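Enquirer: Predicted model follows, preceded by the sequence.
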Amino acid sequence: MKKSFIRAIITVFAILLLTACGQGQGEETKKLLMGTSADFSPFETRDNKGEIVGFDIDLAKYIANELGYELEIQDMNFDGLVGALQANRVDFVASGMSATDTRKESVDFSEEYHRSGEMFVTLKDSELKGMADLEGKHIAVQLGTIQEEGAKKLAEKINLEIKVLDKVPNMIQELKSGRVDGVYLDKAVGQGYVKELDLAGFDDESEGTPGMAIAFPKGSELIEDFNRIIAEMQENGELAKLHQKWISEEE
Ligand code: ARG
């Protein structure tokens, strides 16, 4: 009598436990972890509440939402993003990353969603007014970017001193305090600083660079879904809306 009672209780608990576990699994929203370097306004930056915001964030949120995922963002140095993808520490990267052939050896890219070009940002009264003035100048670039690569290539032909830094705001700080003559970076990002801080600058006239795309670990199953939503956003005007909201200056 007593034994069967205990057995019944155990059975009831076991069933309750199993049901609870099952339900937990069913209700859990799938989560996507995105890597970014939030130092790159208007694509990704922190607002005054410390929240990560920007074009790429809105883009990623829209896509994740359409695909039924919850989005979590991890902020790191730009230089570490490709490695994080290769080690599968993040599901994708949206960080104004240009879809270069070199990177394509290590990661896969979505379709391109934006193309900016490059520029040099200077102080207003700078002697550095164009590509022809670069000889002997001191230029800041961000570690791991195509601008770092581009500046090093330029330095093979002319005498150029290059300062490589982790974060874009630090590069701008170097410029403002006169420790570099120019900052070489993405045009949309550069134009933002020129306007906000009353700086000057000029376009890079060397060959064009590839557009920005979302990056994934090689062979990721997400790519097709992401491309489908990006194509939808091109059709339904959502992508244009994001351009207007964040990058309207250009075009
Ligand atoms: N478009 C450049 C590159 O891919 C710079 C990107 C920098 N992005 C950032 N979030 N800081 O190399």
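Expert: That came through, no problem. Residues are numbered from 1 along each chain as shown.

Enquirer: C-alpha from now on. contacts and neighbour counts both.
Expert: Fine.

Enquirer: tell me the helices in this structure, going along the chain?
Expert: For the chain, applying DSSP state H gives helices covering 2-27, 55-66, 81-86, 101-104, 146-157, 168-176, 187-197, 222-235, 238-247.

Enquirer: How about the shortest one and the ligand, touching?
Expert: This means helix 101-104. No: against the ligand, helix 101-104 shows no contacts by C-alpha under 6 Å from any ligand atom, the least distance being 9.2 Å.

Enquirer: how deep is residue 67 tucked in, by neighbour count?
Expert: The tally of other residues near residue 67 (other C-alpha atoms under 10 Å) stands at 14.

Enquirer: CSV for the helices of the chain, including mean pLDDT and mean neighbour count?
Expert: Output for these, formatted as CSV (pLDDT from 0 to 100; neighbours: other C-alpha atoms under 10 Å):
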stretch, mean pLDDT, mean neighbour count
helix 2-27, 59, 11
helix 55-66, 98, 19
helix 81-86, 98, 20
helix 101-104, 98, 11
helix 146-157, 95, 16
helix 168-176, 98, 19
helix 187-197, 96, 18
helix 222-235, 98, 16
helix 238-247, 96, 16
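
Enquirer: Just tell me which of these ends up closest to residue 75.
Expert: Closest approach to residue 75 among these (C-alpha to C-alpha): helix 81-86, 9.4 Å.

Enquirer: Other residues contacting that closest one?
Expert: The contact list for helix 81-86, computed with C-alpha atoms under 8 Å, 6 or more residues apart in numbering, reads 35-37, 90-93, 103, 106-107, 215-218.

Enquirer: ok, of the residues you listed, which come out buried?
Expert: Among the contacts of helix 81-86, the ones that count as buried by 16 or more other C-alpha atoms under 10 Å are 35, 36, 37, 90, 91, 92, 93, 107, 215, 216, 217, 218.

Enquirer: how about those residues, which pair is most distant?
Expert: 37 and 218 (20.2 Å).

Enquirer: Spell out which parts of this protein neighbour the ligand.
Expert: 37, 38, 39, 40, 78, 95, 96, 97, 98, 145, 146.

Enquirer: count of neighbours near the closest residue to residue 168 other than its chain neighbours?
Expert: Sequence neighbours aside, residue 39 is the residue nearest to residue 168 in space, at 5.7 Å (criterion: C-alpha to C-alpha, 6 or more residues apart in numbering). Counted by other C-alpha under 10 Å, the residues lying close to residue 39 total 22.

Enquirer: What separation do you get for residue 39 and residue 79?
Expert: In this structure, residue 39 and residue 79 are 12 Å apart, going by C-alpha to C-alpha, to the nearest Å.

Enquirer: residues in contact with the residue nearest the centre of the chain?
Expert: In the chain, the centroid-proximal residue (C-alpha atoms, centre = their mean) is residue 95; its distance is 0.6 Å. Residues in contact with residue 95 (C-alpha under 8 Å, 6+ apart) are 35, 36, 37, 38, 40, 43, 44, 56, 78, 214.

Enquirer: Thank you kindly, that will do.
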